[in-house]
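Chemist: heads up, no residue letters with this:
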């Protein structure tokens with residue numbers, strides 16, 4: 001890939017965990033010129049969910065009148081003292097589902113219990129969670145609620161680009177998020193921060209094309225936004241999905257693992273739908289985040305360090321025995337590096 005070279009070291013951040021997987025699995029990282037450094041960003045929804053949220057979910061699961069419904073990746077996330085997987089082994093009613101709509105069916109079959117769905121994710125999953133809440137209202141389901149920890153992408157990119165610990169020269173935008181919010185929501189990368197950006201698909205050719213385009217723009221000192229995923233990403237995004245999101249949710253302060261509070265980066269349930277808000281229904285309080293000593297998941301999520309910089313990586317921290325959350329999710333950087341990295 002000689003044609004990718006430029007006269008200095010450049011840092012390109014791929015925000016989405018699925019892009020990280022494509023890069024490592026296909027060997028792209030090993031074939032790039034030495035001056036191109038790829039950095040994994042905070043694009044794993046499970047990984048950025050704060051420790052206090054996990055602890056609160058575990059406490060909620062201990063109630064005899066509650067059924068926890070969750071996506072599978074959340075089951076093995078280590079909390080301060082336990083995990084949902086351990087609680088399930090102890091007999092708590094915790095069910096893995098593939099769609100929030102499945103939680104509604106569970107609620108209709110268990111009217112004597114409250115079904116709480118753990119609503120984590122980015123703009124990609126927010127429309128379906130909003131749909132589940134809307135359908136609950138239409139059907140008159142009263143024993144269903146959502147414990148939300150939804151995040152939005154543009155705001156966290158602003159925080160990373162304002163940081164002084166790492167210099168990001170270009171960004172591969174999160175492809176799945178882009179299909180919802182659209183190309184225009186990432187134009188600020190060039191307009192405000194003068195950083196080139198590419199919206200790319202997830203095939204190896206798509207990723208290589210994205211890196212090539214970014215490297216060329218960086219070399220020519222350009223700060224454009226290029227959409228090479230236009231078969232799925234429109235300029236304005238998916239208007240129906242966005243309308244559904246903001247019918248049920250409103251922007252609020254978001255709490256990110258390893259990063260902290262970011263204004264306007266969270267989605268909370270609107271007052272009109274508060275009967276489906278588990279935080280209000282159960283008066284949940286998120287405790288201060290606790291970190292596992294020497295685990296550097298927070299630094300990895302910000303792109304300051306790589307998985308193999310961690311003393312735990314591949315030794316006592318593996319997918320079968322995760323110490324940190326980045327080793328749990330299929331989109332977590334540590335798990336991806338563990339499974340696919342050659343060096």
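Modeler: Alright, I've got the coordinates. The structure presented is a predicted model; accordingly, all values stated were derived computationally and were not measured.
Chemist: contacts for stretch 239-251?
Modeler: Stretch 239-251 is contacted from outside by 123, 126-127, 129-131, 133-134, 148, 150, 152, 180-181, 264-270, 273, using Cβ atoms under 8 Å, 6 or more residues apart in numbering. (C-beta placed from N, C-alpha, C; glycine too.)
Chemist: now stretch 251-264: average pLDDT?
Modeler: The average pLDDT for stretch 251-264 rounds to 93.
Chemist: typo on my end, it should be stretch 124-136
Modeler: Stretch 124-136 carries an average pLDDT of 97.
Chemist: quick one: that stretch to chain centroid distance?
Modeler: The chain centre lies 17 Å from the centre of stretch 124-136; the measure is Cα atoms, centre = their mean, to the nearest Å.
Chemist: check which helix or strand the spatially closest residue to residue 153 that is not a sequence neighbour maps to.
Modeler: Leaving aside its chain neighbours, residue 153 sits nearest to residue 177 (4.9 Å; criterion: Cβ to Cβ, 6 or more residues apart in numbering). Element membership for residue 177, per DSSP states H and E: helix 175-181.
Chemist: quick one: list the elements packing against that helix.
Modeler: In terms of contacts (3 or more Cβ pairs under 8 Å, 6 or more residues apart in numbering; DSSP states H and E), helix 175-181 is packed against strand 10-16, helix 17-25, helix 153-162, helix 239-248.
Chemist: if we can go back for a sec, ChimeraX command to pick out the buried ones of the contacts of stretch 239-251?
Modeler: Burial among these is assessed by 16 or more other Cβ atoms under 10 Å; the matching ChimeraX selection reads:
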select :123,126,127,129,130,131,133,148,150,152,180,181,265,266,267,268,269,270,273
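Chemist: in helices only, show me the contacts of stretch 239-251.
Modeler: Of the positions in these, 126-127, 129-131, 133-134, 180-181 sit in helices, assigned by DSSP state H.
Chemist: roughly how far apart are residue 312 and residue 81?
Modeler: 18 Å (Cβ to Cβ, to the nearest Å).
Chemist: of the two, which one has the most company?
Modeler: residue 312 (21 against 9; other Cβ atoms under 10 Å).
Chemist: isn't that one right next to residue 294, touching?
Modeler: Yes - Residue 312 is within contact range of residue 294, at 6.5 Å (criterion: Cβ atoms under 8 Å).
Chemist: in the stretch 1-150 of the chain, where is pLDDT below threshold?
Modeler: Confidence mapping of the stretch 1-150 of the chain against pLDDT under 70 gives the ranges 1-7.
Chemist: all the strands of it, in order from the start?
Modeler: 10-16, 36-43, 66-70, 94-96, 114-121, 144-151 (DSSP state E, counting those that start in this stretch).
Chemist: quick one: closest of the ones you listed to residue 238.
Modeler: strand 114-121 (15.3 Å; Cβ to Cβ).
Chemist: all good on my end, thank you.
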